[in-house]
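J.: sequence and predicted structure, then a few things I'm wondering about:
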Amino acid sequence: MIRRILSFLLLVWAIGFIWFAALPPRPAGDEKTDGIVVLTGGAGRIERGVEALREGWSPAMLVSGVGREVKDAELAAQFDIPARLMRCCITLGYDAVDTRTNAEETAAWIAANDVTSIRLVTADYHMRRAASDLRRQVGSDVTILRDAVHTEPSLAMLFLEYHKLLIGWVAALFDL
C-alpha cells in the first residue's frame, strides 16, 4: 500500500513538473491596469515594464528589489528611460531581497497608491511563484495581470523554481 501511495505521489510530482516546464506563463496583451510591478533579477523585465508605461497600459510602475546602490539617473540611463517618465511614474523599491519580500514591498506600494489592479512583470519561470506570493499578500481585492518575460532557463533552474513553488503552496496550505 505504501508503495502505491509513493508511486502516485511521484507520478503527480512528475506530471506537475512537466506542466511547469513545458507550459510557462506568457506575456500579457495590452490590457490596462492601475500599476505595473517589475521584479528585478533578470533580463527583459524592466524593459517590458517601461514598454507598458510608454504604451499607456498603466500610469505608474514600481521596480521592486532594486539594489541600494542604484540611483534613478543610473537606471534611466541604463534602460533609456526619459527623465520625465522617471519623475512622474516610476518608483524604485529598495526593500525587497527575495520573492517573498518583493510581495511585501509590492503590497505596501499598492496600499499607498490605492491600486486595485497590477501588471506583474517577471520571468516566465518565476511568474507562478511570484504571483502566488503576491496573492497571499494582497488578497483577492487586487487583480493581478501576469505579464511573463520569455526566458530560456536551465533544467536546474526549472527544477529549483518548481520546488520553491511547491514549498510555497504547502506553506500556504498549512498557513506557515
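T.: Structure received. Numbers count the residues shown, from 1 in each chain.

J.: residues contacting the helix or strand harbouring residue 133, please?
T.: According to DSSP states H and E, residue 133 maps onto helix 124-138. Here helix 124-138 makes contact (Cβ atoms under 8 Å, 6 or more residues apart in numbering) with 20, 24-26, 37, 39, 41-42, 99-100, 102-104, 106-107, 110, 120, 122, 144, 146, 148-151, 153, 157-158, 161, 164-165, 168-169, 172. To be clear about C-beta, it is placed using only N, CA and C from the backbone, and glycine gets the same treatment.

J.: what do you get for stretch 57-72?
T.: 30-41, 46, 49-50, 52-53, 75, 86, 89-94, 96-98, 101-102, 105-106, 109, 113, 115, 118-119.

J.: just how off-centre is that stretch within its chain?
T.: Distance of stretch 57-72 from its chain centroid, counting by Cα atoms, centre = their mean, to the nearest Å, is 13 Å.

J.: now it: average pLDDT?
T.: Stretch 57-72 shows an average pLDDT of 95 in the prediction.

J.: got the CA positions of it in PDB?
T.: Backbone C-alpha positions of stretch 57-72 (Å, rounded to 0.1, in the frame of the first residue of the first chain) are rendered in PDB as follows:
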ATOM      1  CA  TRP A  57      -1.200  50.300 -20.300                       C
ATOM      2  CA  SER A  58      -0.600  51.800 -16.900                       C
ATOM      3  CA  PRO A  59       0.200  55.200 -15.400                       C
ATOM      4  CA  ALA A  60       2.700  54.100 -12.700                       C
ATOM      5  CA  MET A  61       5.400  51.500 -12.100                       C
ATOM      6  CA  LEU A  62       7.200  50.000  -9.100                       C
ATOM      7  CA  VAL A  63      10.500  48.400  -9.700                       C
ATOM      8  CA  SER A  64      10.800  46.000  -6.700                       C
ATOM      9  CA  GLY A  65      14.100  44.700  -5.300                       C
ATOM     10  CA  VAL A  66      16.400  47.400  -6.600                       C
ATOM     11  CA  GLY A  67      19.900  47.400  -5.200                       C
ATOM     12  CA  ARG A  68      20.600  50.100  -2.700                       C
ATOM     13  CA  GLU A  69      23.500  51.500  -4.700                       C
ATOM     14  CA  VAL A  70      21.300  52.100  -7.800                       C
ATOM     15  CA  LYS A  71      20.100  55.600  -8.400                       C
ATOM     16  CA  ASP A  72      17.300  56.900 -10.500                       C
END
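
J.: turn the buried ones among the contacts of helix 124-138 into a named PyMOL selection, would you?
T.: A single PyMOL command is used to select the members of the contacts of helix 124-138 judged buried by 16 or more other Cβ atoms under 10 Å:
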select buried, resi 20+24+25+37+39+41+99+100+102+103+104+106+107+110+120+122+144+146+148+149+151+153+158+161+164+165+168
